[in-house]
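Enquirer: based on what follows, work out the 3D shape:
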Amino acid sequence: MSTAGNLAFERQQAGTLAARLSEPRRFLQVVAGARQVGKTTLVGQVLSCLDIPSVFVSADDPTVGDTAWLAAQWERGRLAAADTGKAGAVLVLDEVQKIPRWSETVKRLWDEDSRARRPLKVVLLGSAPLLMQQGLTESLAGRFEVVHLPHWSFAEMRAAFGFSLEEYLYFGGYPGAAPLIKDPQRWRRYLLDALIETTISRDVLLMTRVDKPALLRRLFELGCRYSGQVLSYTKMLGQLQDAGNATTLAHYLELLGGAGMLTGLQKYAGKAVRQRGSSPKLQVMNTALMTAQSGLSPDEARADREFRGRLVESAVGAHLANAASSGRGSRGAPAASQCVTPASSPPRRCRRSARAGTGSRSGSRSTWCDRRGWRRPCGRPRCR
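Expert: Predicted structure coming up:
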């Protein structure tokens, strides 16, 4: 494979953002996604192909810390837009979530430009999706559109870096770590130190109050170990040493899912009550998180048939979960829910048919149903 990477490779979302920025000014554009999925690179590619001027600034500088800096950068964008007339300009604010009360300031400045009819288009992006989402929902309701950037798929990693299927299963879809795959130990340390630890400590723990940070870390490790398996919250508590309850674990699982690391898929059911009451199926959003936590080398992971089976299932689940989170799931299909029990499950007696006196006779009114609750082939919608 080629580990040099293809700098000219553009993801599908680049065309979406470019089309929106070519339109008349309507909404703030928010590029959302987990760490190291290429948000800044994608925005840079889009700006290079636009015919209007742009101002790109980042709040990552340690000297930046107040809204006055944000207002000053916004004024730079206004000046650039004024010089071009109706064509306008684009202002890109990177790592904007690091500025305290950034959402209120952005709302005020955006509304001022709307009233003055200034053709300044604004793009927001940041490396902490949870903090970004919190600011958007609190102050900027009705003023923004989101371009979701999920983890890289196998097709994208193959086109950009020449990944084979075996390489994608083990090394996952992190483009920044692709040049390190020839040295698996170095690749593993990079993921553990620069991605996993940074995301948990800076994104999850700084987003909201977490009373048991050690429990959250162990929940993530447990989720990586049991990815692709259904695990009830009671069994999770039995695996974890720290005290907690099912509600705490469910909340921590939502936080990890918001950071693009680990999620819990609920069982698909026709009734919402049954779906919410089901045990979650743990699912990593990128198989690299699973293999980095396992400590197995690529050869060991390939030789362990049980681990490889869960790795393949997790890769399929991660693809569906990422597609659902970015709005690319199939219409009408439960892309982000557990699959129901296979039809090969042993049948059980249908109580309603037994009361009706049909017994276990063969014929068009069968008295058996599978464990999913669907009768066959009697025609009644569900067993009770």
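Enquirer: checking the residue nearest the centre of the chain next. Helix, strand or coil?
Expert: The centroid of the chain falls nearest to Gly260 when counting by C-alpha atoms, centre = their mean (3.8 Å). With DSSP: H, G, I helix; E, B strand; the rest coil as the basis, the three-state label of Gly260 is coil.
Enquirer: show me what contacts Leu262?
Expert: By C-beta atoms under 8 Å, 6 or more residues apart in numbering, the contact list for Leu262 reads Leu219, Phe220, Gly223, Cys224, Ser227, Leu253, Leu256, Leu282, Gln283, Val284, Met285, Leu289. Just so you know, the C-beta spots here come from the backbone N, C-alpha and C atoms, and that holds for glycine as well.
Enquirer: quick one: which of these is nearest Trp69?
Expert: If you rank the contacts of Leu262 by distance to Trp69 using C-beta to C-beta, Leu256 comes first, at 31.6 Å.
Enquirer: count residues in the vicinity of the closest one, would you?
Expert: When neighbours are counted by other C-beta atoms under 10 Å, Leu256 registers 23.
Enquirer: just Phe144 next, same as before
Expert: 16.
Enquirer: tell me the domain ranges of this protein?
Expert: 12-149, 154-325, 343-384 (automatic domain parsing).
Enquirer: Serialize the ones you listed to a markdown table and add fields for mean pLDDT.
Expert: A markdown table is the format used below for the domains of the chain (pLDDT from 0 to 100):
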| stretch | mean pLDDT |
| --- | --- |
| domain 12-149 | 89 |
| domain 154-325 | 89 |
| domain 343-384 | 42 |
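Enquirer: which one's the longest helix in the chain?
Expert: helix 305-325 (DSSP state H).
Enquirer: ok, of the contacts of Leu262, which one's closest to Gly33?
Expert: Using C-beta to C-beta, the contacts of Leu262 come closest to Gly33 at Met285, 10.6 Å.
Enquirer: for Pro100, grab phi and psi.
Expert: In terms of degrees, to the nearest 10, the main-chain angles of Pro100 are phi -60, psi 140.
Enquirer: distance of it from Leu28?
Expert: Counting by C-beta to C-beta, to the nearest Å, the separation of Pro100 from Leu28 is 19 Å.
Enquirer: who has more neighbours out of these two?
Expert: Using other C-beta under 10 Å as the criterion, Pro100 and Leu28 rank with Leu28 on top: 19 against 10.
Enquirer: so the more buried one makes contact with Leu120?
Expert: No. Leu28 lies out of contact with Leu120 (C-beta atoms under 8 Å); the separation is 10.6 Å.
Enquirer: tell me where the stretch 51-200 of the chain has helices.
Expert: 67-84, 102-116, 129-139, 154-161, 165-171, 184-190, 197-198 (DSSP state H, counting those that start in this stretch).
Enquirer: who are the packing partners of the fifth one?
Expert: The contact analysis (3 or more C-beta pairs under 8 Å, 6 or more residues apart in numbering; DSSP states H and E) places helix 165-171 against helix 154-161, helix 287-294, helix 298-303, helix 305-325.
Enquirer: for that helix, buried residues please.
Expert: Glu167, Tyr168, Leu169, Tyr170, Phe171 (16 or more other C-beta atoms under 10 Å).
Enquirer: if we can go back for a sec, want to throw the helices of the stretch 51-200 of the chain into a markdown table with distance to Gly295?
Expert: Listed next are the helices of the stretch 51-200 of the chain as a markdown table, based on distance: least, C-beta to C-beta, whole Å:
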| stretch | distance to Gly295 |
| --- | --- |
| helix 67-84 | 43 |
| helix 102-116 | 39 |
| helix 129-139 | 28 |
| helix 154-161 | 23 |
| helix 165-171 | 13 |
| helix 184-190 | 8 |
| helix 197-198 | 16 |
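Enquirer: ok, which of those comes nearest Leu311?
Expert: Nearest of those (C-beta to C-beta): helix 165-171, 5.5 Å.
Enquirer: export only the CA atoms of the closest one, formatted as CSV.
Expert: Taking Å, rounded to 0.1, in the frame of the first residue of the first chain, the C-alpha atoms of helix 165-171 are listed here in CSV:
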residue,chain,number,x,y,z
LEU,A,165,-9.3,-5.0,3.3
GLU,A,166,-7.0,-6.7,5.9
GLU,A,167,-5.2,-3.4,6.6
TYR,A,168,-8.5,-1.5,7.0
LEU,A,169,-9.9,-4.1,9.4
TYR,A,170,-6.9,-3.7,11.7
PHE,A,171,-5.8,-0.1,11.2
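Enquirer: neighbouring contacts of it?
Expert: Against helix 165-171 from outside (C-beta under 8 Å, 6+ apart): 1, 154, 157-158, 163, 177-178, 181, 187, 287-288, 291, 298, 301-302, 308, 311-312, 315.
Enquirer: hmm, try it at 6 Å
Expert: Outside helix 165-171, the residues that touch it by C-beta atoms under 6 Å, 6 or more residues apart in numbering are Phe154, Met157, Ile181, Ala288, Thr291, Pro298, Ala301, Leu311, Ala315.
Enquirer: what's the closest non-adjacent residue to the fifth one?
Expert: Closest residue to Thr291 in three dimensions, ignoring its sequence neighbours and counting by C-beta to C-beta, 6 or more residues apart in numbering: Tyr170, at 5.2 Å.
Enquirer: does the closest residue to Leu240 other than its chain neighbours count as helix, strand or coil?
Expert: In space, Leu240 comes closest to Arg218 once its chain neighbours are excluded; the distance is 5.3 Å by C-beta to C-beta, 6+ apart. Here Arg218 is recorded as helix under three-state DSSP.
Enquirer: shouldn't Arg218 be in contact with Gln239?
Expert: No. Here Arg218 does not reach Gln239: they are 8.4 Å apart, not a contact under C-beta atoms under 6 Å.
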